[in-house]
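Participant: structure for this input, please:
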Amino acid sequence: MQLCMTQKHKECFESVFRTMEAFYNGDLDTLCVVIGCHYDISDENVKLAASIISSLPEGVISPVPNRAAALQAFSRRWLSGDLKRSGNKWTIEIEDSERRLLAHVTDVYSRLLMGQLNMIFEELDIGLPDNPHLLDFWHDARWSGAGGMLEARNLLFPDLKKFGWNGGYGISNPEVAFCSRLAYQMGKVLLSANEFCLPVTDEPPLTIRI
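Facilitator: So this is what the prediction gives:
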């Protein structure tokens, strides 16, 4: 199947590749920097948030090497010349397994960039699943922002303080970064293989030719 996209889709995909490959390799500093760029957060607060997240007890979150490797393989193909320009659009041939991978990582990227940092705990592995203390810590961090996670979220998303850990703006709200909203649209098209999805930006949808 062929994926057809605009320049803005291409740029968003490339941000997804860089951010999410690092994310699945356990590098959350890159995620914090990307969020900071999209929301104009000071370098000091970005570094402080990254430091808080990196200080989580060892084993609470761990890399997902298989997903990082799959994403790296696709991004290498993307950069090696498989992505072609056709007029004002870009196209690339993808396998169905790649479509599903892209659908998943664009959705996770979109959620992270709109402040849903609970996705860190849902997407990354737990290093010591038989350790009850780590499981308790994971649970409290995931569900209530314990362990400094709420503080880190408030540093990166100061406008979300009023919502608490489990709240935030809806995906169609213009306060949500454009790239988060665009990634949402892209992910929905990839997931459904071209069925209609709610537009939350002015950018036309991706198209998939089967």
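
Participant: break down the chain into its strands, ranges please.
Facilitator: For the chain, applying DSSP state E gives strands covering 2-5, 84-86, 89-93, 207-209.

Participant: off-centre distance for stretch 151-162?
Facilitator: The chain centroid and the centroid of stretch 151-162 are separated by 17 Å under Cα atoms, centre = their mean, to the nearest Å.

Participant: for stretch 4-24, same thing?
Facilitator: Averaging C-alpha coordinates over stretch 4-24 and over its chain gives two centres that are 9 Å apart (Cα atoms, centre = their mean).

Participant: cool, and stretch 122-133?
Facilitator: When C-alpha coordinates are averaged (Cα atoms, centre = their mean), stretch 122-133 and its chain have centres 20 Å apart.

Participant: quick one: the spatially most central residue of the chain from His133, how far?
Facilitator: With distances taken as Cα atoms, centre = their mean, Tyr109 lies nearest the centre of the chain, 1.3 Å away. According to Cβ to Cβ, to the nearest Å, Tyr109 and His133 sit 31 Å apart. The way it works is simple: take the backbone N, C-alpha and C, and place the C-beta from them, glycine included.

Participant: hang on, the earlier thing: just the strands of the chain: most buried one?
Facilitator: For the strands of the chain, the stretch with the most neighbours on average is strand 2-5, a mean of 18; neighbours defined as mean count of other Cβ atoms under 10 Å.

Participant: who does that strand pair up with?
Facilitator: Strand 2-5 sits in its sheet next to strand 89-93 (antiparallel), strand 207-209 (antiparallel), going by DSSP bridges.

Participant: got the CA coordinates for it in PDB?
Facilitator: Extracted as PDB, the C-alpha positions of strand 2-5 are listed here (Å, rounded to 0.1, in the frame of the first residue of the first chain):
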ATOM      1  CA  GLN A   2       1.100   3.600  -0.600                       C
ATOM      2  CA  LEU A   3       1.000   6.300   2.000                       C
ATOM      3  CA  CYS A   4       0.500   9.800   0.500                       C
ATOM      4  CA  MET A   5       1.200  12.900   2.600                       C
END
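
Participant: mind listing what Gly185 touches?
Facilitator: Not Gly; residue 185 is Gln. Neighbouring residues of Gln185 by Cβ atoms under 8 Å, 6 or more residues apart in numbering: 197-201, 203, 205-206.

Participant: point out where this structure drops to low pLDDT.
Facilitator: By pLDDT under 70, the weakly predicted segments of the chain are 194-196.

Participant: burial check on the residue nearest to Ile61 when sequence neighbours are not counted, number of neighbours?
Facilitator: Of all residues not flanking Ile61 in the chain, Leu124 sits nearest, at 4.2 Å (Cβ to Cβ, 6 or more residues apart in numbering). Leu124 is flanked by 18 other residues according to other Cβ atoms under 10 Å.

Participant: any idea how many residues pack against Tyr169?
Facilitator: Other residues lying near Tyr169 total 16 when counted by other Cβ under 10 Å.

Participant: repeat for Gly170
Facilitator: Other residues within reach of Gly170, judged by other Cβ under 10 Å, total 9.
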